[in-house]
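J.: Just to be clear, the model below is a prediction. Sequence and coordinates:
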Amino acid sequence: MTGFVLPTVAETYAFGQRLAGLLRAGDLVLLTGPLGAGKTALTRGIGAGLGVLGDVTSPTFVIARLHRPDPTGGRAVALVHADAYRLSDAGDPRAEIDDLDLDASVDESVTVVEWGEGLVEHLADAHLRIRLHRHDDDTRTAELEAVGGDWAQRLVTFPARG
Ligand SMILES: Nc1ncnc2c1ncn2[C@@H]1O[C@H](COP(=O)(O)OP(=O)(O)OP(=O)(O)O)[C@@H](O)[C@H]1O
Ligand SMILES: [Mg+2]
């Protein structure tokens, strides 16, 4: 487990940008943490680091959004941003996730999921779990946990500070 201190939203965004350097097509990233922890802010930074098109926001009417690569620059990889929050009290959240057909895009994209614990792990052989903690002074901390695959090796190459 690797820990990071994220004092401000700008630093959370920058951390996401830095993290994007580690990410490649086929990766699944699970973001956990309470409401307002900074999951979307971090995803926004990842999107910026990958150089994808479209603002990364909390989708109101969709569970998942595809951000295509910018043909004029950035990395040639798409970002799929899913937010399963509104599935939590639905009848069969796992079936709803499967209906989204996210596995059709996982191989060619970086897939980042908020509120996806217990719902999306099957989409890839391995994943990176990022736990965001929100503290009383409004700072955040992030813990990176490698779950399978070569994530542990890849995290070794990720500098503690950028
Ligand atoms: N250090 C920080 N890191 C990230 N966000 C911060 C930080 N300090 C303050 N904030 C604020 O906290 C909020 C985080 O919101 P964000 O939508 O990213 O959270 P979330 O985890 O996606 O929440 P939700 O579960 O509702 O989707 C933003 O308003 C942001 O400005
Ligand atoms: Mg969010």
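T.: That came through, no problem. Residues are numbered from 1 along each chain as shown. Ligands and ions are numbered 1, 2, ... in the order given.
J.: all strands in the protein, in order from the N-terminus.
T.: Ranges of strands in the chain, per DSSP state E, are 2-6, 28-32, 64-67, 78-83, 109-114, 127-134, 140-147.
J.: pLDDT wise, what is the spatially closest residue to R129 that is not a sequence neighbour at?
T.: Nearest residue to R129, sequence neighbours excluded (CB to CB, 6 or more residues apart in numbering): E145, at 4.3 Å. All C-beta spots, glycine's among them, are computed from the backbone N, C-alpha and C. For E145, the model assigns a pLDDT of 96.
J.: And for T157?
T.: In this model, T157 carries a pLDDT of 89.
J.: List the residues that contact A160.
T.: 2, 4 (CB atoms under 8 Å, 6 or more residues apart in numbering).
J.: so how far is D70 from the spatially most central residue of the chain?
T.: Nearest residue to the geometric centre of the chain (CA atoms, centre = their mean): V112, 3.1 Å. Per CB to CB, to the nearest Å, V112 is found 17 Å from D70.
J.: Run a quick neighbour tally on the residue in the chain that ligand 1 sits nearest to.
T.: Among all residues of the chain, G38 sits closest to ligand 1, at 2.9 Å; criterion: CB to the nearest ligand atom. Using other CB atoms under 10 Å, G38 has 25 neighbouring residues.
J.: And it, how far from ligand 2?
T.: For G38, the distance to ligand 2 equals 8 Å [CB to the ion, to the nearest Å].
J.: Nearest residue to G21 in space, please, no chain neighbours.
T.: G49 (6.4 Å).
J.: Check F15 too.
T.: With sequence-adjacent residues excluded and distances taken as CB to CB, 6+ apart, F15 is closest to L6, at 5.8 Å.
J.: could you measure the one you found against T32, distance?
T.: Distance of L6 to T32, computed by CB to CB: 15 Å.
J.: Between the two, tell me which one has more neighbours.
T.: Ranked by neighbour count (other CB under 10 Å), L6 and T32 place L6 first, with 24 against 18.
J.: dump the residue contacts of the more buried one.
T.: By CB under 8 Å, 6+ apart, the contact list for L6 reads 12, 15, 38, 132, 139-142.
J.: what is it paired to in the beta sheet?
T.: Taking DSSP bridges as the rule, L6 bridges to R140.
J.: What of R131?
T.: Note on R131: beta-bridge partners by DSSP bridges are T32, E143.
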